[in-house]
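> Quick one: sequence plus predicted model below, questions after.
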Amino acid sequence: PGFILRVDSKANAAIVLVGSGTHVPETLRELRERAIPTAVVALREPGSDLARRLEHPDNDTLTGMDPRELIAGPLADWLMSRLEKLRTAIGHNFEFARRAVAKETVKATAWQNAAIGVLVFLPGADMPLMTLNQGKMLLRIAAAYGQPLDTERMKELAAIVGGGFLFRTIAREAADFVPVLGWAVKGGIAYTGTIAMGMAAIKYFEEGGDI
């Protein structure tokens, strides 16, 4: 009791695999005091009971039955929420986090494009803005999967970008039919269209670039 595992002060986060060591509660307490994001990871143990026993926040206590699912699911999602500025770097360096990184990128871009669809009223002005956003999204997804966007790959991904133009055309035409709520239609289609494009890109990279 009283033994504390020392963690480098430059650490971006700490992941503690809980065993039977008596040093864990003291170590966790010190990490919280030093404001180092800390995840407790354990197998076959109720999360709420473990969090209470260790006096550690529920949101930072991750448990599960299958180690692979625990790492690729809750732990990857935890890293995305606590280390937002390092998402792309995490995906590039840790394969288990790539899908989580890519999905967060897609979600953020979808909300941005939804806002553009709602707020940009000048006909056609939303096209270059959304296309630029979607292009950046594809670059970030590629970076997360550690894949370069060479000329051949860009040609194949152009089909995905082309789908974005189709969605925006549908949005403009649909808005004409419901002028009162046209802004909501445009925003909704911009959001769902970007989600669809992003998920297609994720599938593309996960399947080795087979469009």
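Yep, it's here.

> Report the secondary structure element holding residue 39.
For residue 39, the element it lies in under DSSP states H and E is strand 38-43.

> which is the next helix or strand following the helix or strand of the chain at the bottom of the mean pLDDT ranking?
Within the chain, no helix or strand scores below helix 151-177, which has a mean of 64 by mean pLDDT, DSSP states H and E. With elements assigned by DSSP H and E, the helix or strand that comes after helix 151-177 is helix 182-206.

> Flag every buried residue along that following helix.
Using 16 or more other Cβ atoms under 10 Å as the test for burial, helix 182-206 gives 182-183, 185-191, 193-198, 200-202, 204-205. C-beta here means a position set from N, CA and C on the backbone, and glycine is covered the same way.

> Could you report the separation of residue 36 from residue 61?
Residue 36 sits 16 Å away from residue 61 when distances are taken as Cβ to Cβ, to the nearest Å.

> more crowded one of these two?
residue 61 (27 against 16; other Cβ atoms under 10 Å).

> I figured the more buried one hits residue 38, correct?
No: Residue 61 is not in contact with residue 38 according to Cβ atoms under 8 Å; the separation is 9.8 Å.

> can you list residues touching both of those two?
Counting by Cβ atoms under 8 Å, 6 or more residues apart in numbering, no residue touches both residue 61 and residue 38.

> about what we covered before: run through who's touching the strand holding residue 39.
For strand 38-43, the surrounding residues in contact (Cβ under 8 Å, 6+ apart) are 13-18, 24, 28, 31-32, 50-51, 54, 56, 60-65, 67, 70, 75, 78-79, 82.

> Run the chain-centre distance for it.
20 Å (Cα atoms, centre = their mean, to the nearest Å).

> now stretch 66-73
Worked out by Cα atoms, centre = their mean, stretch 66-73 lies 16 Å from the chain centre.

> ok, and what's touching it?
Contacts for stretch 66-73 (Cβ under 8 Å, 6+ apart): 41, 43, 62-64, 96-97, 99-100.

> 6 Å instead?
Residues from elsewhere that reach stretch 66-73 (Cβ atoms under 6 Å, 6 or more residues apart in numbering): 64, 96.

> Kindly report the same for stretch 141-159.
Stretch 141-159 has contacts (Cβ under 6 Å, 6+ apart) with 88, 91-92, 98, 101-102, 105, 138, 201, 205, 211.

> Show me which of those are buried.
Judged by 16+ other Cβ under 10 Å, buried ones among the contacts of stretch 141-159: 88, 91-92, 98, 101-102, 105, 138, 201, 205.

> As JSON lines, those with pLDDT and secondary structure would be great.
Formatted as JSON lines, these follow (pLDDT from 0 to 100; DSSP: H, G, I helix; E, B strand; the rest coil):
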{"residue": "88", "pLDDT": "81", "secondary structure": "helix"}
{"residue": "91", "pLDDT": "84", "secondary structure": "helix"}
{"residue": "92", "pLDDT": "81", "secondary structure": "helix"}
{"residue": "98", "pLDDT": "90", "secondary structure": "helix"}
{"residue": "101", "pLDDT": "90", "secondary structure": "helix"}
{"residue": "102", "pLDDT": "91", "secondary structure": "helix"}
{"residue": "105", "pLDDT": "91", "secondary structure": "helix"}
{"residue": "138", "pLDDT": "85", "secondary structure": "helix"}
{"residue": "201", "pLDDT": "86", "secondary structure": "helix"}
{"residue": "205", "pLDDT": "85", "secondary structure": "helix"}
